[in-house]
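[1] Show me the folded form of this:
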Amino acid sequence: MVLPHSLARPLGRGLVLVVLILSASLLFVTTPFDSGRPNTLQLAGSRVSLIHSDLMPIGGNSVSTTTGYVKWTLCLFNNQLLPGVATCPSNPNFQKALVPVDILSDPSNGNVYVADQDADNISVISGSSNHIVATIPVGNVPTSEAYNAQGRYLYVANWGSENISVIADTTNQVVRSIAVPTGPGILVSEPQQGILYVGGGSQTSGYLSVVSEASSTVLANISLDEGPLSGAFDSQNQLLYLVMYERGIEVVNISTERVTGFISDPEAGGDAFFNPQSGFLYVGSNAPDVTLISTKTNTLVGNLTVGSSPSGTFTYDPSVGHVFVSIDHNRIAVINADTNGYVGTLILGPVGPVAATFDNASGYIYVADAGDDAVTIVSPMVSPNDQNPATFWEPLIVVLLVATALGIGLLIWKFRATTHPSPKSARARESSSGGHESSYGGESILSFGIGMS
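    Okay, here's the model as predicted:
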């Protein structure tokens, strides 16, 4: 095929330009991104506009907000890992539901331990593969967990069998059992002194057992008015705070092993977390807010509205200073631990969060879903290195289309400028050629190929 010389040159250049634009766009699309820990420079906590905002999900299968998105859903009964927000298939043996009620990450071995209440075992999830790698039988109705980093032991409170299972995280096996009074429900480990606090009881009477982690013996039992819902340890003042349902918080001096104070809070009804940076105690409630308590004065100083009842557990990311608490309606509230301000909401999709833990090695939040026998794995932030694949391609496709349109437009402009030259440009070409041209049918010719010089 041959084309006029005056048309072949601009046509060739225009096609080369279009090819370059398409190649650059495709190269950008297909360049692999680092799938490691999200870039901490893109923290949602630095965005002041998110304070007191209830963000809605965007994108496709991976439900996302500005503060993060769901990466995977792990179905516990068949060990199936599904991308993004997913509903696990029905368990064919519905009589053997697991019902995960507590979850804890182990910084020493990178595993995540899930207390399966109805299965009477602990599911061990590898933080690298996000699959179950072991199942540990424990006592009846395991309800809560605690970890001692110094001894590398995991403690599991078995509500139904009235004992504590002690698991060595080096072998993932139960090494001993500790007998405690009726209905152990909460565990708080104090690793510096090697003490494990076990709380339990009923609505009419309760107890707090002081257990030596070294000898696995009960050192003392402290009587309480009722069984505590949760507890948090203030290492700075050596105080243990116990949440009592719709009454308030009892303060226990661990040095004297006596109840030394009471903080009235009629909305108390969830987990407790001590913020060592600010000295505040966070307490979940039946109201749509988190109660803030000053541990310096042991007084209630305010409420932080998070949009719904924060009835689940707290977990903390020390690298960025964010506190996460699971709330009703399938969400996790994000709190800035430095300012005690509400950052935003992680929307999890069709799950019911009851407990959450932050894994420092991977930077992900693992959320136990008792209703679906699943664990939801959440990226708590969005960054260039950790994009939501459902929304990542959309802007690139737009860029690709715009680049193609610009290239075609430039090609058309060149074509029109060549086939319809202005009188001035025509005279200039005639003058430069000395008024003589070799012709074929009245036009210069050039074989159209790769070379266009």
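[2] Now do the same for residue 438: its pLDDT.
    If you check residue 438, the pLDDT there is 41.
[3] Same question for residue 37.
    34.
[4] How about the one 3 residues further on?
    pLDDT, residue 40: 26.
[5] what does the one 5 residues further on give?
    On pLDDT, residue 45 comes in at 27.
[6] what's the answer for residue 174, then?
    98.
[7] Domain ranges for the chain, per the record?
    Here the domain assignment for the chain is 2-32+392-447, 45-384, based on automatic domain parsing.
[8] now the ones you listed in TSV, with mean neighbour count?
    Every residue, glycine included, has its C-beta placed from N, CA and C. Shown next, in TSV, are these (neighbours: other C-beta atoms under 10 Å):
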stretch	mean neighbour count
domain 2-32+392-447	13
domain 45-384	19
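[9] so where's the stretch 101-250 of the chain shaky on pLDDT?
    Along the stretch 101-250 of the chain, segments meeting pLDDT under 70 are nowhere present.
[10] Could you rerun that using 80?
    Where the stretch 101-250 of the chain drops to pLDDT under 80, the residues are 246.
[11] ranges for the strands of it?
    For the stretch 101-250 of the chain, applying DSSP state E, counting those that start in this stretch gives strands covering 111-116, 121-126, 132-137, 142-148, 153-158, 163-168, 173-179, 184-190, 195-201, 206-212, 217-224, 230-234, 239-244, 248-253.
[12] in its sheet, what does the last one sit against?
    Strand partners for strand 248-253, identified by DSSP bridges, are recorded as strand 239-244 (antiparallel), strand 258-264 (antiparallel).
[13] TSV please, covering those and showing distance to residue 171.
    Shown next, in TSV, are these (distance: least, C-beta to C-beta, whole Å):
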stretch	distance to residue 171
strand 239-244	30
strand 258-264	38
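[14] Of all these, which one comes closest to residue 167?
    Smallest distance to residue 167 across the strands paired with strand 248-253 (C-beta to C-beta): 23.2 Å, for strand 239-244.
[15] can you give me the helices for the chain?
    Ranges of helices in the chain, per DSSP state H, are 5-30, 389-419, 423-432.
[16] separation between residue 182 and residue 127?
    35 Å (C-beta to C-beta, to the nearest Å).
[17] I misspoke; the intended subject was residue 240.
    Separation of residue 240 from residue 127 (C-beta to C-beta): 29 Å.
[18] coming back round to it: compare the strands paired with strand 248-253 and give me the one nearest residue 165.
    Closest approach to residue 165 among the strands paired with strand 248-253 (C-beta to C-beta): strand 239-244, 22.0 Å.
[19] which residues does the closest residue to residue 232 other than its chain neighbours contact?
    Once flanking residues are discounted, residue 232 sits nearest to residue 272: 3.8 Å by C-beta to C-beta, 6 or more residues apart in numbering. Counting by C-beta atoms under 8 Å, 6 or more residues apart in numbering, residue 272 makes contact with 230, 231, 232, 241, 242, 243, 249, 281, 282, 283, 284, 314.
[20] Identify the bridge partners of residue 272.
    Beta-bridge pairing for residue 272 (DSSP bridges): residue 283.
[21] Make residue 1 into 33 and carry on from there
    Yep, numbering from 33; the last one is residue 304 now.
[22] Could I get the pLDDT score of it?
    For residue 304, the model assigns a pLDDT of 94.
[23] and what of residue 33?
    On pLDDT, residue 33 comes in at 48.
[24] for residue 443, same thing?
    69.
[25] do the same with residue 386
    For residue 386, the predicted pLDDT is 85.
[26] Nearest residue to it in space, please, no chain neighbours.
    Counting by C-beta to C-beta, 6+ apart, the residue nearest residue 386 is residue 402, at 4.8 Å.
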